[in-house]
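Asker: no FASTA, just this:
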Ligand code: NAP
């Protein structure tokens, strides 16, 4: 188990080569609860030597793991999924304590992580190559699907369990060894995640965990020529930089990046359902989802009715500690994020948008020691305003107006990002044309922008990402062509 310096000051190490071990220089970093400042634990604050040890362990384990049958590899992943499910209550509550989302949402994330691991395990029996046609008599031409080798899995803080699950499960089943680098803000969920694999009996070196800062740990991982694949989920600016550096080693790169997701509401929409989707899409998880609804683009004829409904629902939102079952929305993840969200509220006001509700730091009573911001709704937002173009990653919704379906689609596409999108309508024509015309990787018709099925491709267009495959095995493997003649 993770070492415990004392029950009150838990100390969490890296997991390298099958053992929990401190950072080489003993450095640690404290983590606190964003809802109330509660001390959560100290975590290894690693340096380049720790990354070196983890990559070296993964490299040593690589050949034997690649030779292990896919079905046997999948069995470890399935076992870890079962353990995670058994531990769901403890893991979900720690996820809430470190990230801030409500316990109900943390449980959903845990179940989602389990589903992703089980889905990955099932791929163990589907790692097929192909037999190719050939013009030559006696030639047997076929492809073998092979692992990349050592893979780096770099995750953000907003889904600290399900993001690693979507990377690690399939990477291992495909025969890769992995070094995980979680976000500094959410190391505890990764410690739980790592522990399930350790308890599942995974061989030493196959999966390693190194905690520490992005620039140092992430930078060293991406720069290591032994790392043959990098799966990164995070912000666009850092993703672009990682893509450049990984290209220097000709490593394969998968980038899942930011979003500025539109929800279009047409004149024929069910306004109650659309308002519910807008509010839940914008404010659950405190708006800290890459797929959160940040732009509501509504047809002028129904704007008053939709806005009224959105305001009623927003006013009813209860903000509080995520462990309190009556809370709908917890804190944002840290002080920097709270300041960033509030600065966008100021920017929106200065740009001339009309703040209808919320957008305040909540600092009284039980909320005094946390990073709480009330959910904000801006009206009269123009498509050129920064609050309509930049990812805020917090509880801020912008309402924009459109005069027609074509205008709504044009506004929705007038953005650098292209991750998720949604339309509320009863028209088959609008639904169909929106699905075809929107520049986004995910489209919902009469559904909210967040949420995706484990067996569907998930990834963005434009500045929202690259190299998201229909089947994840296509990223985590490469094909070898074999020309075989009988002597
Ligand atoms: P971030 O600042 O880009 O960090 C993501 C991860 O990269 C963290 O583990 C971070 O470590 C690490 N990192 C930072 N600098 C690095 C560097 N120079 N080299 C290598 N790694 C580095 O993003 P975040 O603030 O954690 O997460 C929010 C962002 O993620 C939003 O933009 C959101 O839209 C995006 N996101 C996208 C998806 C998707 O599927 N498209 C899903 C979830 C989130 P530290 O934490 O130590 O800085």
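Answerer: Thanks, I have it. This structure is a prediction, so every number in the text was calculated from the model and none was measured.

Asker: Each with direction, which strands does the helix or strand bottoming out on mean pLDDT in the chain pair with?
Answerer: Every helix and strand of the chain was ranked by mean pLDDT, DSSP states H and E. The lowest is strand 465-466, at a mean of 90. Take DSSP bridges as the rule and strand 465-466 pairs in its sheet with strand 252-256 (antiparallel).

Asker: After the partner strand, which helix or strand is next?
Answerer: Proceeding C-terminally, strand 252-256 gives way to strand 261-265 as the next helix or strand, assigned by DSSP states H and E.

Asker: contacting residues around the helix or strand that that following strand is followed by?
Answerer: Sequence-wise, the next helix or strand downstream of strand 261-265 (DSSP H and E) is helix 271-283. For helix 271-283, the external contacting residues (C-beta atoms under 8 Å, 6 or more residues apart in numbering) are 261, 263, 265, 291-294, 296, 302, 305-306, 309-310, 312-314, 317, 328-329, 375, 395-397, 422, 424, 446-450. To be clear about C-beta, it is placed using only N, CA and C from the backbone, and glycine gets the same treatment.

Asker: can you narrow the residues you listed to ones near the ligand?
Answerer: Residues shared between the contacts of helix 271-283 and the neighbourhood of the ligand: none [C-beta under 6 Å from any ligand atom].

Asker: Quick one: buried ones out of the residues you listed?
Answerer: 261, 263, 265, 291-294, 296, 302, 305-306, 309-310, 313-314, 317, 328-329, 375, 395-397, 422, 424, 447-450 (16 or more other C-beta atoms under 10 Å).

Asker: Specify the beta-bridge partners of residue 377.
Answerer: On DSSP bridges, the residues paired with residue 377 through beta bridges are residue 357, residue 397.

Asker: Quick check: buried residues in stretch 402-410?
Answerer: So for stretch 402-410, counting by 16+ other C-beta under 10 Å, buried means 402, 405, 408, 409.

Asker: what does stretch 144-155 give?
Answerer: Of the residues in stretch 144-155, those with enough neighbours to count as buried (16+ other C-beta under 10 Å) are 145, 146, 147, 148, 149, 150, 151, 152, 153, 154, 155.

Asker: Between the two ends of it, what distance do you get?
Answerer: Its start and end residues considered, stretch 144-155 measures 30 Å (C-alpha to C-alpha, to the nearest Å).

Asker: for residue 296, what are its contacts?
Answerer: Residue 296 sits next to 262, 263, 265, 278, 282, 306, 310, 397, 398, 399, 400 when contact means C-beta under 8 Å, 6+ apart.

Asker: Narrow the buried ones among the contacts of helix 271-283 to those in strands?
Answerer: The members of the buried ones among the contacts of helix 271-283 that map onto strands under DSSP state E are 261, 263, 265, 293, 294, 296, 396, 397, 422, 424.

Asker: what two of the residues you listed are the furthest from one another?
Answerer: Taking every pair in those and measuring C-beta to C-beta, the maximum separation is 20.3 Å, between 396 and 424.

Asker: now the closest residue to residue 295 other than its chain neighbours: how far from the ligand?
Answerer: Taking C-beta to C-beta, 6 or more residues apart in numbering as the measure, residue 295 lies nearest to residue 262, with 4.5 Å between them; neighbours along the chain are not counted. With the distance defined as C-beta to the nearest ligand atom, to the nearest Å, residue 262 ends up 15 Å from the ligand.

Asker: which regions of the protein lie under the pLDDT threshold?
Answerer: For the chain, applying pLDDT under 70 flags the ranges 1-9, 469-470.

Asker: from the buried residues of stretch 402-410, which is closest to residue 175?
Answerer: Using C-beta to C-beta, residue 409 is the member of those that sits closest to residue 175, with 43.1 Å.

Asker: How far off centre is the helix or strand harbouring the closest one?
Answerer: Following DSSP H and E, one finds residue 409 within helix 405-413. Mean-position distance between helix 405-413 and its chain equals 27 Å (C-alpha atoms, centre = their mean, to the nearest Å).

Asker: same question, stretch 288-303
Answerer: Taking the mean of its C-alpha atoms, stretch 288-303 sits 21 Å from the chain's own mean (C-alpha atoms, centre = their mean).

Asker: near the ligand, which residues of the protein show up?
Answerer: Contacts of the chain with the ligand, taken as C-beta under 6 Å from any ligand atom, map to 154-159, 181-185, 213-215, 218-219, 222, 233-235, 238, 241-242, 256-259, 290, 391, 393, 419, 460, 465.

Asker: try 5 Å
Answerer: When proximity is defined as C-beta under 5 Å from any ligand atom, the chain approaches the ligand at 154, 156-157, 183-184, 213-215, 218-219, 233-235, 238, 256, 258, 290.

Asker: Okay, and which of those residues map to strands?
Answerer: Checking these against DSSP E, those in strands are 154, 233, 256.

Asker: quick one: which of the residues you listed is nearest to residue 175?
Answerer: Taking C-beta to C-beta as the measure, residue 175 lies nearest residue 154 of those, at 20.2 Å.

Asker: My guess is that closest one contacts residue 234. True?
Answerer: Yes: with contacts defined as C-beta atoms under 8 Å, residue 154 counts as touching residue 234 at a distance of 6.8 Å.

Asker: which residue ranges form the strands in the stretch 51-200 of the chain?
Answerer: 131-132, 139-147, 150-154, 177-181 (DSSP state E, counting those that start in this stretch).

Asker: show me what contacts residue 246?
Answerer: 222, 227, 230, 252, 253.

Asker: Just the buried positions in the one helix or strand it maps to, please.
Answerer: According to DSSP H and E, residue 246 maps onto helix 236-248. For helix 236-248, the buried set under the neighbour-count rule, 16+ other C-beta under 10 Å, comprises 236, 238, 239, 242, 243, 245, 246.

Asker: do the same with stretch 22-41
Answerer: 22, 23, 28, 29, 31, 32, 33, 34, 35, 36, 40, 41.

Asker: rewinding a little: quick one, the helix holding residue 409 and strand 261-265 angle?
Answerer: Between helix 405-413 and strand 261-265, the angle formed by their directions is 160 degrees, by axes from the mean of the first three to the mean of the last three C-alpha atoms, to 10 degrees.

Asker: Provide the strand pairings for the helix or strand following helix 405-413, with the direction of each partner.
Answerer: For helix 405-413, the succeeding helix or strand toward the C-terminus, using DSSP H and E, is strand 417-418. Applying DSSP bridges, strand 417-418 is found paired with strand 461-462 (antiparallel).

Asker: Contacts for the strand it pairs with next, please.
Answerer: Where contact means C-beta under 8 Å, 6+ apart, the residues beyond strand 461-462 that reach it are 415, 416, 417, 418, 419, 439, 440, 441.

Asker: Where do the helices of the stretch 51-200 of the chain begin and end?
Answerer: Remark: helices assigned in the stretch 51-200 of the chain by DSSP state H, counting those that start in this stretch are 70-86, 88-99, 103-122, 162-173, 187-199.

Asker: Let me know which of the ones you listed is the nearest to residue 384.
Answerer: helix 162-173 (32.4 Å).

Asker: now the closest one, how far from the chain's geometric center?
Answerer: Using C-alpha atoms, centre = their mean, the distance from the centre of helix 162-173 to the centre of the chain it belongs to is 12 Å.

Asker: Which residue lies closest in space to the residue of the stretch 51-200 of the chain found nearest the ligand, excluding its sequence neighbours?
Answerer: Scanning the stretch 51-200 of the chain for proximity to the ligand using C-beta to the nearest ligand atom identifies residue 156 as nearest, at 3.0 Å. What sits nearest to residue 156 in space, not counting adjacent residues and going by C-beta to C-beta, 6+ apart, is residue 234, at 4.6 Å.
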